[in-house]
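>>> mind looking at a prediction? Sequence and model below.
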Amino acid sequence: MTKSMLKVLAVSLLISGAVQAQKAKSPESAQEKKIQSLVKKMTIEEKVGLLHANSKFYVSGIPRLGIPEWALSDGPHGVRAEINRHDWGYSGWTTDSATCFPPGTALAASWNPKLAQERGIVLGEEARFRKKDVLLGPGINIIRSPLCGRNFEYLSEDPFLISAMTVPYIKALQSKDVAASVKHFLANNEEENRVLVDVTMSDRALHEIYLPGFKAAVEEGGALTVMAAYNKFRGDWCSESEYLDRQILRKELGFNGVLMTDWNAAHSTVKAALAGLDLEMGTDIKDYNEWYFANPLISAVKEGKVPIAIVDEKVSNVLRVMMKTKMLGDKTREKGSMNTPEHQKAAYNSAAEAVVLLQNQNSVLPLDFSKLKSIAVIGDNATRKHTSGGLSSEIKPLYEVTPLEALIKKFGSSLKINFVQGYEKQSTFKEGSNIGQSDSKKVDWKLIDEAVEAAKKSDVAIIFGGLNHDFDTESFDKQDMKLPYGQETLIREVAKVNPRTIVVIIAGSPIELAGIVNRVPSILWAWFGGMEAGNAVADVLSGKVNPSGKMPFTLPVSLDQSPAHALGNFPGRNLKVNYEEDILVGYRWFDTKKIVPQFPFGYGQSYTSFELSGLNTDKTTYGKDEVVRVKFSVKNSGTRLGAEVAQLYVSDPVCSVMRPTKELKGFEKVFLQPGETKTVELLVKVSDLGFYDESRKGWTVEPGDFLFHLGTSSGDICQTVKIVVQ
Ligand code: BGC
């Protein structure tokens with residue numbers, strides 16, 4: 001036998017083993033039986049028809065067997081408008097205006113898994129209303145560099161926070177009979193050369209940082225589909241990596257749903273088929289029959305290069321997802337609804353709870369608008385709509401409220417609003433180049449002078465700045481971490497004439513704030529806020545909503561503090577990037593290297609104050625299979641209703657391998673009335689305290705002391721207790 005024949009045999013044995021195991025399981029066995037009987041009735045052409053698209057977002061069904069066409073749609077924070085079947089143009093429907101949530105980083109900034117669940121429900125209902133079967137999200141790649149163009153769509157630099165938000169999102173979405181597609185598996189952490197770059201990292205970084213979100217999505221969330229990333233991983237395209245797709249995803253994580261390509265990311269027939277890819281999407285070849293998983297797959301089977309069992313495995317995966325989403329004749333399938341008041345309220349809640357109060361000297365915020373005669377509203381982002389930008393996650397919302405609109409509506413009748421643009425979006429984003437960003441440093445003194453005049457004659461100046469989707473976008477990375485369009489100068493000049501200057505940052509990725517933190521009293525980070533963006537931020541400014549968001553990533557003082565940049569390995573060279581910072585991503589790096597960032601991971605203030613106390617564990621000594629019950633109290637010691645995100649970090653001070661100074665292992669967002677105290681209990685499995693031991697290829701918890709730290713950010717630890725693991 002040749003090496004490749006041996007490989008084919010080994011893979012078939014693996015599959016038949018998996019199928020046997022599946023058969024033995026009940027109550028799934030009835031479903032598996034139905035799958036097998038359907039597969040038996042299919043011709044090879046029909047089988048292969050289920051494994052590649054027949055248009056941009058659809059896959060053919062088999063009407064004679066009652067298998068309907070499969071409808072997929074972007075995206076993570078709203079159901080994307082209908083796209084033409086055979087090109088990227090929008091179809092111009094009048095029924096596809098969706099509810100638009102704030103993108104991923106804002107979701108993570110809420111630190112509230114209930115909001116992730118609420119989002120999943122809404123997305124599921126809207127997807128079903130639009131007759132979609134698979135929603136292409138959530139996007140959960142690690143925020144490795146401040147510059148990655150898609151950071152805004154992703155969630156965090158921390159795998160625990162990512163997992164905590166992803167699982168309820170997926171469960172809720174799928175409870176509405178829509179399959180999630182968790183993406184992009186794996187290491188799509190930069191957009192520069194995303195379709196070419198070859199990523200290498202240690203096994204430890206893979207298991208401790210880059211994999212846990214996907215693991216949680218599959219094992220706990222039950223994600224029914226996974227999208228392979230564009231890039232290569234250790235020399236193989238992610239869509240055909242035997243290690244990632246067969247070994248890890250199928251074997252280690254037990255995934256038996258559909259693994260699909262990203263759009264136009266298939267590279268082979270035989271290799272991909274053997275590695276475990278099921279579905280080819282978006283290939284840039286006009287004749288769908290010529291795609292890798294179309295006629296070439298039929299030929300490969302006929303030539304004995306791909307066993308028919310492999311094709312059957314893929315078809316079974318597709319049918320399994322269809323059955324789990326009630327596609328095969330189940331009359332109880334969710335019908336869905338669109339843009340209901342509840343959906344819009346969910347979008348508002350998500351935007352409002354995401355807002356992070358970074359700085360608030362002299363309690364400038366909240367503003368009592370009833371006592372103000374005039375306000376200056378300054379900045380392009382006061383009027384810019386963002387929901388329809390960023391490429392594949394762009395949404396056609398039913399409406400989008402800008403900050404200026406919201407302020408006028410809520411307070412315009414009782415005070416004078418002096419709006420000036422302040423700075424200009426000088427660029428137009430052009431597909432295929434970074435031209436949109438190259439022109440972003442010009443300072444427009446005419447606009448600044450107008451802003452200064454407006455600020456002088458107003459009681460308060462609110463500057464809405466930050467980025468837009470020329471910067472936070474799919475396909476390109478940011479060129480730097482600066483505030484573009486001369487905003488630092490604008491902010492400085494306005495602050496000189498009005499001491500009550502508030503800066504509201506609208507952005508989905510880290511920005512350098514060193515040039516403004518010492519110049520203005522108050523800074524709010526409001527993210528791209530989705531369709532309710534303006535209402536949410538206006539309510540935080542007025543105090544109707546008490547800010548309770550926390551940064552889901554570290555805000556470095558400058559780019560060179562950030563690990564990948566400090567080590568000079570972003571975006572890599574010659575289409576290769578090695579993640580040399582290893583497991584020291586985000587705050588793990590800052591803490592361990594004792595670098596003080598501008599604002600730490602998990603940071604965010606409130607209009608009230610909190611006291612955390614009484615940290616204790618149920619025992620002091622634990623066995624390796626035990627669970628640590630951690631208890632503490634959180635008190636609202638101020639005068640307003642508010643919420644604190646209590647964060648639990650763990651460190652392993654003596655270990656045979658380097659451990660980060662501390663790692664997030666639990667959190668709880670606690671809502672409290674003034675004066676109220678609540679006791680919180682968090683459960684931490686001792687087995688989750690270990691590290692990935694490369695020599696053993698498994699997780700190890702070394703006996704000894706572990707420190708449990710309670711805090712309100714990774715930089716603000718208020719109590720520590722020690723436990724011993726035997
Ligand atoms: C993106 C995916 C998206 C797909 C379909 C790709 O360019 O990377 O996230 O789901 O397009 O629009």
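Perfect, thanks for sending it.
>>> any stretches of the stretch 201-350 of the chain with poor pLDDT?
Under the criterion of pLDDT under 70, none of the stretch 201-350 of the chain is flagged as low confidence.
>>> meant to ask about the stretch 351-500 of the chain, not that
When the per-residue scores of the stretch 351-500 of the chain are filtered using pLDDT under 70, the ranges that remain are 427-439.
>>> near the ligand, which residues of it?
Of all the residues in the stretch 351-500 of the chain, those in contact range of the ligand (C-beta under 6 Å from any ligand atom) are S392. In this view, the C-beta of every residue, glycine as well, is placed from N, C-alpha and C.
>>> now the strands for the stretch 351-500 of the chain?
With DSSP state E, counting those that start in this stretch as the definition, the stretch 351-500 of the chain shows strands at residue ranges 356-360, 374-378, 416-420, 460-466.
>>> of all those, which one is nearest V443?
Distances from V443 to each of these were compared using C-beta to C-beta; the shortest belongs to strand 460-466, at 13.3 Å.
>>> out of the strands of the stretch 351-500 of the chain, deepest packed?
Among the strands of the stretch 351-500 of the chain, judged by mean count of other C-beta atoms under 10 Å, the one packed with the most neighbours on average is strand 460-466 (a mean of 27).
>>> other SSEs contacting the strand or helix carrying G213?
When secondary structure is defined by DSSP states H and E, G213 falls within helix 212-215. Other elements packing on helix 212-215 under the criterion 3 or more C-beta pairs under 8 Å, 6 or more residues apart in numbering; DSSP states H and E are helix 159-175, strand 179-185.
>>> so for the chain, the centremost residue is which one?
Ranked by distance to the mean C-alpha position of the chain (C-alpha atoms, centre = their mean), the top residue is Y154 at 2.6 Å.
>>> quick check: the residue of the stretch 351-500 of the chain nearest the ligand.
With C-beta to the nearest ligand atom as the measure, the residue in the stretch 351-500 of the chain that lies nearest the ligand is S392; the distance is 3.6 Å.
>>> can you tell me, leaving aside adjacent residues, what's nearest to that residue?
Ranked by C-beta to C-beta, 6 or more residues apart in numbering and with sequence neighbours excluded, the top spatial neighbour of S392 is D74, at 4.9 Å.
>>> tell me the contacts of that neighbour?
Contacts here follow C-beta atoms under 8 Å, 6 or more residues apart in numbering; on that basis D74 touches 80, 135-137, 392-393.
>>> my read: F255 touches V226, true?
Yes: in this structure F255 lies within contact range of V226 using C-beta atoms under 8 Å: 6.6 Å.
>>> shared neighbours of these two, anything?
Overlap between the neighbourhoods of F255 and V226 consists of 218, 249, taking contacts as C-beta under 8 Å, 6+ apart.
>>> isn't S110 right up against E353?
Yes: if you go by C-beta under 8 Å, S110 and E353 touch, sitting 4.1 Å apart.
>>> just the closest residue of the stretch 1-150 of the chain to the ligand, please.
Distances from the stretch 1-150 of the chain to the ligand, computed as C-beta to the nearest ligand atom, single out L136 as the nearest residue at 3.9 Å.
>>> mind checking how far that residue is from F528?
In this structure, L136 lies at 18 Å from F528, with C-beta to C-beta, to the nearest Å as the measure.
>>> what do you get for L186?
Taking C-beta to C-beta as the measure, L186 falls 25 Å from F528.
>>> try T679
With distances taken as C-beta to C-beta, T679 is found 36 Å from F528.
>>> my read: V657 touches S695, true?
No: the pair V657 / S695 is not scored as a contact, 9.6 Å apart, by C-beta under 8 Å.
>>> who's more crowded, these two?
For V657 and S695, the more surrounded residue by other C-beta atoms under 10 Å is V657, and the numbers stand at 14 against 8.
>>> where's the more buried one, which helix or strand?
Counting by DSSP H and E, V657 is part of no helix or strand.
>>> who are the neighbours in contact with the residue nearest to the centre of the chain?
Shown here is Y154, whose contacts under the criterion C-beta under 8 Å, 6+ apart are 104-105, 139-143, 148.
>>> same question, E190
144-145, 147-149, 197, 477, 570-572, 577.
>>> quick one: it and E242, what's the gap?
The separation that E190 has from E242, given C-beta to C-beta, amounts to 24 Å.
>>> got it, and T105?
Distance of T105 to E242, given as C-beta to C-beta: 33 Å.
>>> okay, these two: which has more neighbours?
T105 (26 against 16).
>>> that's a strand at the more buried one, yeah?
No: membership of T105 in a strand is not supported by DSSP: H, G, I helix; E, B strand; the rest coil, which gives helix.
>>> residue contacts, the closest residue to it other than its chain neighbours?
By the measure of C-beta to C-beta, 6+ apart, the closest residue to T105 outside its immediate chain neighbours is G508, 4.8 Å from it. G508 makes contact with 103-106, 151-153, 467, 472, 527-528, according to C-beta under 8 Å, 6+ apart.
>>> wait, is G508 part of a strand?
No: assignment of G508 by three-state DSSP gives coil, placing it outside any strand.
>>> for it, give its distance to V596.
Taking C-beta to C-beta as the measure, G508 falls 24 Å from V596.
>>> E313 too?
The gap separating E313 from V596 is 52 Å, by C-beta to C-beta.
>>> so for the two, which sits in the more crowded spot?
A side-by-side neighbour count of E313 and V596, using other C-beta under 10 Å, places E313 first with 23 against 10.
>>> mind checking how far the helix or strand where that one lies is from the chain centre?
In this structure, E313 is located in helix 308-324 according to DSSP H and E. For helix 308-324, the distance between its averaged C-alpha position and the chain's averaged C-alpha position is 28 Å (C-alpha atoms, centre = their mean, to the nearest Å).
>>> is it true that E334 touches L173?
No: under the criterion of C-beta under 8 Å, E334 lies out of contact with L173, with a separation of 10.6 Å.
>>> now neighbour count too, for the contacts of D74, in CSV please.
Below are these laid out as CSV (neighbours: other C-beta atoms under 10 Å):
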residue, neighbour count
R80, 24
L135, 30
L136, 28
G137, 30
S392, 20
S393, 26
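>>> of all those, which comes closest to C238?
L136 (15.5 Å).
>>> thought that closest one was touching K183?
Yes: counting by C-beta under 8 Å, L136 sits close enough to K183 to count as a contact (6.5 Å).
>>> what sits in contact with each of these two?
Counting by C-beta under 8 Å, 6+ apart, the residues touching both L136 and K183 are M227.
>>> so which of S110 and E353 has more stuff around it?
For S110 and E353, the more surrounded residue by other C-beta under 10 Å is S110, and the numbers stand at 29 against 25.
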